[in-house]
Every structure is written in structure tokens, then in C-alpha cells.
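Novice: Give me a model of this one.
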Amino acid sequence: MKRINFLLIVLSLFIYTSCEQEDYEFGDILSPSNLTISAAIQGADADNPYGDGSGYVTFTATAADAITYKFIQNGVEYMEPSGVFTTRFTNTGIYIYDIEVVASGTAGVMSNGATSVEVLYTFEPPADLVEALTTGSWRVMAEAPAHLGVGPADDMAPDGVANWWNAGPYDKADTAMYDDRMVFLSNGTMEYQTQGSIFGKAPPLEADFSGNQDLGEPNSDNEHLYYPADNFSSNWTVAEDNGYLILNFTGNGFAGFYVGGDHAYTILSRSSNEMYLKTVGSDTNGWFIKITNQE
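Specialist: Model (predicted):
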């Protein structure tokens with residue numbers, strides 16, 4: 001009886017081992033080879049080498065013995081078994097973008113490649129935004145809570161309140177800020193009406209305008225409350241970045257409180273008569289401002 005049981009156990013192990021070997025049979029492991037990547041920019045031709053301004057590009061990857069493909073754009077991975085990947089680049093102007101491709105073969109064996117493409121993206125701002133900007137004159141919304149605020153550079157103030165500090169209504173009545181006016185013209189010019197002086201951080205004011213002007217030391221927050229400045233003009237444009245509309249100024253153009261930086265204001269919220277803006281100043285902080293075209 002013991003001998004029969006022993007034979008049954010041996011037979012069972014043999015059958016199990018045979019099944020196990022059959023389940024894990026992969027065949028030849030082939031590494032993808034001859035990976036090639038091509039890019040087709042929408043609307044590109046001899047007269048428009050960077051495309052039609054839509055920003056769309058279709059990438060096609062092929063490799064011998066590849067099963068699937070992975071495209072990597074700005075650290076984000078997209079699996080495309082067909083090897084065809086269409087994406088859109090939305091930095092306004094002509095920019096060079098990099099795409100990495102990973103071709104996968106059997107048993108996860110991979111081959112890597114990369115390509116670069118130079119693409120034009122043109123942006124037409126929303127008509128209602130242009131209409132709002134060019135209606136009346138704009139001023140800092142002194143009567144509103146959090147009409148001026150500051151936070152870290154990556155703060156997007158989701159609740160309409162900056163992370164570190166926010167001004168209460170009329171908190172800055174002892175500065176030159178509240179009587180300034182911004183007039184946006186349809187030709188792309190912004191006329192900044194200073195009423196003789198402006199308010200802002202001392203370092204960028206002195207660097208970008210006319211020095212200290214014998215004003216003496218700035219206040220304890222490193223600000224000049226009344227910095228002498230004549231009316232001036234700047235150009236304005238609207239761009240798009242990461243889903244946000246960006247209001248850009250040339251030269252010293254700014255909105256209400258001068259902080260220098262790149263003079264680009266992210267529009268966090270807007271209506272026909274109010275806007276909540278954020279810019280990153282020369283101090284690398286995020287500065288927030290609420291403006292209105294209502295007197």
C-alpha cells in the first residue's frame with residue numbers, strides 16, 4: 001500500500017512539473033531593433049515649416065520585433081500599441097519640444113529613442129476677455145477682501161485667497177495704488193495712468209524705473225509707498241499655458257502693485273468687470289491682485 005502511494009505521488013509531481021513547464025514557455029525573446037521616429041506637424045509645408053499654428057503633431061514610431069510603444073512627453077507616459085501618438089504643444093510662439101519613445105518586445109525587453117520637433121502655436125484670446133479688457137479703465141479693487149496678496153510662487157489661490165498674506169478692504173489707502181488706472185486699447189497698447197506716483201517693492205522699482213529718486217530708505221516691507229512716475233504705455237497680449245490664460249505686458253507694464261519679474265499675469269478668475277491675477281515677482285514670490293473696470 002505504501003509503495004502504491006509513493007508511485008502516485010511521483011506521478012502527480014511529474015504531471016504538475018510538465019504542466020508548469022508548459023505554462024511558462026515564452027519562446028524566443030526578441031529585442032526591438034531599428035527604432036525609427038518620425039514627426040508630422042499639422043499644416044507644415046515649404047512656406048510654413050513649423051505648422052499652421054494649431055500646435056498639433058503626430059509622432060510615428062516603428063521598430064522590428066516591437067509589441068507596443070510608450071511615448072514620454074514632459075515626464076508623462078502614453079502607451080500606444082500602434083506606435084502612433086498625436087499631441088498638442090501650446091507654448092505661444094515657436095518652440096523646440098522633445099519626445100522620448102520606448103519600444104517594448106517580448107518579455108519586456110526594450111529599446112529607447114528620442115526626437116525633437118520645432119512647432120508654432122498661435123493663440124487667439126477669447127473674444128469676451130478682449131471685450132472686457134477694452135471696456136472702461138481698470139483699477140485695483142480696493143473695496144474687496146484679498147485685493148492684494150502674497151504666497152509661494154506655486155500658490156494658485158484656489159479659494160481666491162493667497163497663502164501667506166492678504167490685504168483687507170482699503171488696507172493700502174496710504175499708498176499710491178488706488179488711484180492708478182489701466183486703459184487697454186484694442187491695438188494692443190495699455191496706457192498706465194499713474195496720477196504722478198505708483199506703489200511697489202523698492203528693489204524692482206529702483207532698478208526698472210529711475211533709481212531711488214532721493215526717496216530715502218523704503219519702509220519696513222521694502223516698499224516705496226509713493227514712487228514718482230509719469231504715465232507710460234506698454235503692450236499687452238494674452239497667451240495660454242497649462243490651461244490658464246496669461247496676460248502679458250512689455251516693458252514696465254504691471255497691474256496695481258509693482259513687483260518686477262516677467263510681467264506675466266495668470267488670470268485665475270474673471271468676469272466682464274472683475275479679474276483675479278497672479279504674477280511671480282523678482283523676489284520669486286507669487287503676488288495676487290484683484291482688479292475691476294467699475295468705478
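
Novice: Name all residues that make contact with residue 295.
Specialist: Residue 295 makes contact with 136, 139, according to C-beta atoms under 8 Å, 6 or more residues apart in numbering. Yep, even glycine has a C-beta here, placed from its N, CA and C like the rest.

Novice: Could you tell me whether residue 215 really is in a helix?
Specialist: No - Residue 215 is assigned coil when assessed by DSSP: H, G, I helix; E, B strand; the rest coil, not a helix.

Novice: for it, phi and psi?
Specialist: phi -80, psi -10 (degrees, to the nearest 10).

Novice: wait, what's in contact with it?
Specialist: So residue 215 contacts 224, 227 (C-beta under 8 Å, 6+ apart).

Novice: What confidence value was assigned to it?
Specialist: With respect to pLDDT, residue 215 has a value of 97.

Novice: Quick check: it vs residue 276, distance?
Specialist: Going from residue 215 to residue 276 by C-beta to C-beta, to the nearest Å gives 31 Å.

Novice: Can you get me a residue count around residue 38?
Specialist: Using other C-beta atoms under 10 Å, residue 38 has 11 neighbouring residues.

Novice: who does it bridge with?
Specialist: Beta-bridge pairing for residue 38 (DSSP bridges): residue 60.

Novice: For residue 288, see how far away it is.
Specialist: Applying C-beta to C-beta to residue 38 and residue 288 gives a distance of 45 Å.

Novice: Output the below-cut-off pLDDT ranges for this protein.
Specialist: Of all residues in the chain, those with pLDDT under 70 make up the ranges 1-28.

Novice: and it, what are its domains?
Specialist: Annotated domains of the chain cover 33-121, 127-292 [automatic domain parsing].

Novice: and the residue nearest to residue 285 when sequence neighbours are not counted, how far is that from residue 281?
Specialist: Nearest non-adjacent residue to residue 285, counting by C-beta to C-beta, 6 or more residues apart in numbering: residue 150, 5.4 Å away. Distance, residue 150 to residue 281, by C-beta to C-beta: 9 Å.
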